[in-house]
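Trainee: Predicted model, plus sequence, below.
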Amino acid sequence: KRLIDKDENIYIVPKSRINHLGGKAVDPKYKNEIEYLRNWHWMWSKFYFNKKHYGFLNAYLRVCPIFISAIFKIILYFFTNKRKKEIYSHRVLGFLNAALGKKSFYRPKIKD
């Protein structure tokens with residue numbers, strides 16, 4: 001976004017490769033908690049970014065379809081899949097906290 005705003009060039013290196021290990025540094029026993037964290041922050045950040053750069057109404061319109069989809073998925077998974085229900089619940093909570101202007105506060109519940 002900053003490069004585009006400054007009218008700078010963006011280069012693509014077609015032969016480049018990245019091997020993303022996606023959470024391999026986290027103990028597998030915390031897999032669910034980290035997934036909840038990721039989804040909460042994804043929605044919070046998506047709303048925050050759009051509000052910061054394009055205004056509240058634009059952010060709401062861009063993120064609201066994902067919010068509505070998450071609500072439907074909570075209902076869908078309510079009795080069938082607790083983990084997915086929790087993932088989508090955290091998306092909803094991330095959006096609501098961002099829309100209410102709250103700071104990014106959610107941290108995983110990890111006990112040693």
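Mentor: On my side now, so go ahead.

Trainee: so how far is the lowest-mean-pLDDT helix or strand in the chain off the chain centroid?
Mentor: The least trusted helix or strand in the chain, going by mean pLDDT, DSSP states H and E, turns out to be helix 2-5, with a mean of 92. Averaging C-alpha positions (C-alpha atoms, centre = their mean, to the nearest Å) puts helix 2-5 23 Å from its chain's average.

Trainee: just checking, what packs against whatever helix or strand comes next after it?
Mentor: Going down the chain from helix 2-5, the next helix or strand is helix 31-54, by DSSP states H and E. Applying 3 or more C-beta pairs under 8 Å, 6 or more residues apart in numbering; DSSP states H and E, we find helix 31-54 packed against helix 56-77, helix 82-99. Heads up, the C-betas are built off the backbone N, CA and C, glycines and all.

Trainee: can you list those in CSV and add distance to residue 15 and mean pLDDT?
Mentor: Below are those laid out as CSV (distance: least, C-beta to C-beta, whole Å; pLDDT from 0 to 100):
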stretch, distance to residue 15, mean pLDDT
helix 56-77, 33, 97
helix 82-99, 35, 97
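
Trainee: Quick one: closest of those to residue 49.
Mentor: Ranking the helices and strands packed on helix 31-54 by proximity to residue 49 (C-beta to C-beta) places helix 56-77 first, at 7.8 Å.

Trainee: Can you tell me which residue is spatially central in the protein?
Mentor: By C-alpha atoms, centre = their mean, the mean C-alpha position of the chain lies nearest to residue 42, the distance being 1.2 Å.

Trainee: Contacts only, for it.
Mentor: By C-beta atoms under 8 Å, 6 or more residues apart in numbering, the contact list for residue 42 reads 91, 94.
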